[in-house]
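In: fold the following.
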Amino acid sequence: MFGPTNTHQTRIVPVPVALDEYVRTWVAFTVTGGYLFPSPSGGVWTNTEFRAQSGWMEATRRAGAEATTICDLRHTVASCSALPGRTSRWCR
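Out: Modelled structure (predicted):
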């Protein structure tokens with residue numbers, strides 16, 4: 001975390017069951033205080049670095065959604081989850 005949350009409280013980020021073993025493996029080999037998923041340079045992923053290294057540009061181009069960002073996807077899930085009777089699983 002790089003600063004206080006909006007509510008100034010610790011956040012718990014749930015890990016989907018399908019990713020549990022994968023994340024636990026990364027955690028086991030991450031140094032204390034290190035980044036769980038460091039960028040190739042060893043630090044925080046910048047938006048530019050992520051787009052260049054991850055294949056994001058090609059994937060969004062092929063999907064016809066070039067202007068889509070990771071934040072757009074996060075907000076979409078949050079919006080879907082806010083619908084009455086819906087959860088983030090419903091958004092999948």
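
In: do me a favour and get the end-to-end distance for stretch 53-73?
Out: For stretch 53-73, the first-to-last residue distance is 19 Å (CA to CA, to the nearest Å).

In: which residues are contacting that stretch?
Out: When contacts are defined by CB atoms under 8 Å, 6 or more residues apart in numbering, stretch 53-73 is touched by residues 39-40, 47, 50-51. Heads up, the C-betas are built off the backbone N, CA and C, glycines and all.

In: what pLDDT is listed against the residue lying closest to S41 once chain neighbours are set aside?
Out: Once flanking residues are discounted, S41 sits nearest to E49: 7.3 Å by CB to CB, 6 or more residues apart in numbering. For E49, the pLDDT comes out at 84.

In: picking that back up, can you tell me which of the contacts of stretch 53-73 are buried?
Out: Buried by 16 or more other CB atoms under 10 Å: 50-51, out of the contacts of stretch 53-73.

In: element containing the residue nearest to S41, please.
Out: helix 47-54 (DSSP states H and E).

In: send the alpha carbons of the helix or strand following that helix over as PDB?
Out: Per DSSP H and E, the first helix or strand lying C-terminal to helix 47-54 is helix 56-62. The C-alpha trace of helix 56-62 is given here as PDB (Å, rounded to 0.1, in the frame of the first residue of the first chain):
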ATOM      1  CA  TRP A  56      -2.500  -5.400 -22.800                       C
ATOM      2  CA  MET A  57      -2.300  -3.200 -25.900                       C
ATOM      3  CA  GLU A  58      -2.600  -6.200 -28.300                       C
ATOM      4  CA  ALA A  59      -5.400  -7.800 -26.200                       C
ATOM      5  CA  THR A  60      -7.500  -4.600 -26.100                       C
ATOM      6  CA  ARG A  61      -6.800  -3.900 -29.800                       C
ATOM      7  CA  ARG A  62      -8.100  -7.400 -30.700                       C
END
